[in-house]
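>>> dropping a prediction and its sequence here:
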Amino acid sequence: MTKSNLFLAASAIALLAAGPALAEDLRIYGWSGEMPDEVLADFEGETGITVTFDTFDSNESMIAKLDAGGSGYDLVNPSQYAVQILINRGRIAELDHSKIETYDNIGPSFRNVSYDPGNRYSIPYVWGTTGLAYNKTCVDAPITSWKSLFDEKYKGRIYMLDNMLAAYIAGLQVNGFSANTSDPAEIEKATETLIAQKPLLAGYNSTNFADLVSSGEACIVESWSSSVLQAIKDNPDVVYVLPEEGGTMWIDGYSVLTDAPNPDAAYKFLSYILRPEVAAKTTELSQTATVVTASRALLPADLANNSAVFPDEKTIANADFILDLGDAMKFYQDGWTRVKAAQ
Amino acid sequence: MSATGTARRGPGWITRTFVHGISGWLTLLTFIFMLAPIVVLIAFAFNSGRSTVVWTGFSLDWFAKVWSNRHIARALNVSLVVAIASAAIATAIGALAAIAITRRQFPGRDVLGAALAAPLVLPEIVLGVALLVFMSYAGVSLGYRTMIVGHVLVSVPFATLIVRAAASSLDPQLEHAAADLGANEWQTFRMVTLPQLMPALFTSFILAATLSFDNLVMSTFTSGVGTTTLPLRIYSMLKLGITPEINALGTLLVLANVTILFLVMGRYLPLMLKTNRR
């Protein structure tokens, strides 16, 4: 009896141990549309590792899922402030940079990001900005400031992003505050600004605003850089700018989970995606810039010189970074509820 | 138009068409209100451009794109597995519970009836969060199992209600007759009760499967590695904006749903007509 049990246990352990060697799996929990299928398929072809790529719709729902523990994922794809939250909750592991052969390909400006100095917990990968997009045919002069989103002149043809933190970027920066403030008085002022703006809006929209600005139905929209690129390509009248107040920059990176079943495959994947040719492919297919500086030279000229994809250094330095606001988050949430409820 | 049959329009024709016919007009308006967005969705699935607002020409490219998107194929697969499994389980549980409640006398019968309907009134998001917390507490890893359990929870009240309605209208004399003729309880159930409940079971299965297939909230909390369902995938795709790819996918789903609807109606219309004749 005991003997057969022992035998069973032994064979079970042997099976478990042999499992990963036979067929390696890598489970990634990430944003949709930022990691092209082709890149995943190439990686599978080269390494023989099978990739499962599940998607989430927001950092918040991703954090909730991982917080429950035992998620079973190896790699997760959080935005900058979500990295801080995941570090605080002990969900992501400190990285061993020696296992990432291509670590040195990361551009110098992405080595020391404020949310994770020295990339100890996350490898930044794709990045973009939050600014505004407008249709040239309905404005007299180029738009350069958030102020235009609050201009009577465009009443009924303005859309704001339907996202709390994104809407507050404009609300705060137009008042001269940092988009990353945790001062209740500044957040309150921004709330009032956003409430006062409401009668001018055609709506809050974070799905098809690029279409609306391209068709001319909307004149000026608050926008994520990556979302309007295709519209710009199709319609030369669409312009994307980072406003003079700064706008913000976002980075989505990859972190290895503390309870990752297969961290080795995760490191192989990180080493793979940081290769310049792979990063270039990612940029070409997803129309989003990566942190791999050397990849820019491999891109077609129109993409490499597109200022909506690659804003100049000065503009980037001027942009704010949305970080984890900790306890101040409740002021934003209260204010946002009032903004959404206002007439 | 006029029932009086005069060639000349009587003075009351406006009243007759628009006031007396008001329920007809309202029905028509309701249909337009409900179906117009779907018509627009389907139309733009055939747009050659990337826009869902500006029409640039006819093309089938977006359908090809949906076809070649391996994430969508996989998500569809997950959705179907979960829908069929959860609908089968929910129908089985619903049927047994419904028969027990309508046919048997036992203490706590009313409580059971109410408890089975509880998920109907509880917000689904509460159930989802509760299930996520419970699963992680119990150490169950998220995946097919948790998602099927979650979807069963959502669809069991509907299954119970449908089968209960059918079971309560069954004639108990038939079962008594079967018993008189020497059938044991199992034989009576299998050969007399079950065949009579078949239409209700079929309805309940289709409804439960549809509920599961459309589910977003419960799936958000209970999905795990490799079990992203189609609604979850579509929802995460919205971050990059709505492209006609989503329209094309929507069109295919509408097509699938309409097919199922006709299937159900094809099964039911004859049955309903038969009942009415009797």
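Done, it's in.

>>> show me where pLDDT drops low in the stretch 1-150 of chain A?
Within the stretch 1-150 of chain A, the stretches with pLDDT under 70 are A:1-22.

>>> domain parsing for the chain?
In the absence of a named chain, chain A is used. Annotated domains of chain A cover A:2-127+A:249-310, A:128-248+A:318-341 [automatic domain parsing].

>>> ah, I was thinking of chain B
Split by automatic domain parsing, chain B gives B:13-45, B:69-277.

>>> what's the closest of these to chain A?
domain B:69-277 (3.8 Å; C-beta to the nearest C-beta). Placement of C-beta: from N, CA and C, glycine included.

>>> what sits against B:V254?
Listed by C-beta atoms under 8 Å, 6 or more residues apart in numbering or on different chains, the contact set of B:V254 reads B:38, B:41-42.

>>> which of the residues you listed lies closest to B:G57?
B:I42 (16.1 Å; C-beta to C-beta).

>>> how close does the residue lying closest to that closest one once chain neighbours are set aside sit to A:E217?
Counting by C-beta to C-beta, 6 or more residues apart in numbering or on different chains, B:I42 lies nearest to B:T251, which is 4.8 Å off, once chain neighbours are set aside. B:T251 sits 23 Å away from A:E217, going by C-beta to C-beta, to the nearest Å.

>>> between these two, which has more neighbouring residues?
Taking other C-beta atoms under 10 Å in any protein chain shown, B:T251 and A:E217 do not tie; B:T251 has more neighbours (21 against 15).

>>> assign a three-state SS to that one, would you?
Here B:T251 is helix, with the state taken from DSSP: H, G, I helix; E, B strand; the rest coil.

>>> mean confidence for the host helix or strand of B:F31?
Assessed by DSSP states H and E, B:F31 sits inside helix B:22-45. Helix B:22-45 comes out with an average pLDDT of 89.

>>> wait, A:F209 sits on A:S227?
Yes. With contact defined as C-beta atoms under 8 Å, A:F209 reaches A:S227; the gap is 7.2 Å.

>>> more neighbours: which of those two?
A side-by-side neighbour count of A:F209 and A:S227, using other C-beta under 10 Å, places A:F209 first with 28 against 25.

>>> show me what contacts the more buried one?
Contacts of A:F209 (C-beta under 8 Å, 6+ apart): A:133, A:159, A:161, A:218, A:221-223, A:227, B:241.

>>> go again with 10 Å.
A:133, A:159-162, A:202-203, A:217-218, A:221-224, A:227-228, A:231, B:241-242 (C-beta atoms under 10 Å, 6 or more residues apart in numbering or on different chains).

>>> just the pLDDT for it.
At A:F209, pLDDT is 90.

>>> over to the one 4 residues further on?
In the prediction, the pLDDT value recorded for A:V213 is 92.

>>> I'd guessed it sits against A:C219; true?
Yes. With contact defined as C-beta atoms under 10 Å, A:V213 reaches A:C219; the gap is 7.4 Å.

>>> and for these two, which residues touch both?
Joint contacts of A:V213 and A:C219 (C-beta under 10 Å, 6+ apart) are A:134-135, A:138, A:157, A:159.

>>> re earlier: for the contacts of A:F209, which PyMOL command selects only the ones that are buried?
Applying 16 or more other C-beta atoms under 10 Å in any protein chain shown to the contacts of A:F209, the buried members can be selected in PyMOL as follows:
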select buried, (chain A and resi 133+159+160+161+202+218+221+222+223+224+227+228+231) or (chain B and resi 241+242)
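
>>> strands paired with the strand ranked longest in chain A, and their directions?
Counting residues, the longest strand in chain A under DSSP state E turns out to be strand A:123-135. Neighbouring strands of strand A:123-135 in its sheet, by DSSP bridges, are strand A:220-224 (antiparallel), strand A:238-241 (antiparallel), strand A:248-256 (antiparallel), strand A:289-290 (antiparallel).

>>> for stretch B:128-147, give the mean pLDDT please.
Mean predicted lDDT for stretch B:128-147 stands at 89.

>>> that stretch and chain A in contact?
Yes. Applying C-beta under 10 Å from any C-beta of the partner chain, one finds stretch B:128-147 in contact with chain A at B:129, B:132-137, B:139-143.

>>> just the helices in the stretch 101-250 of chain A please.
Remark: helices assigned in the stretch 101-250 of chain A by DSSP state H, counting those that start in this stretch are A:164-173, A:184-197, A:209-215, A:225-234.

>>> still on that earlier bit, give me the residues contacting the helix holding B:F31.
B:17-19, B:21, B:51-55, B:59-60, B:62-63, B:66, B:242-252, B:254-255.
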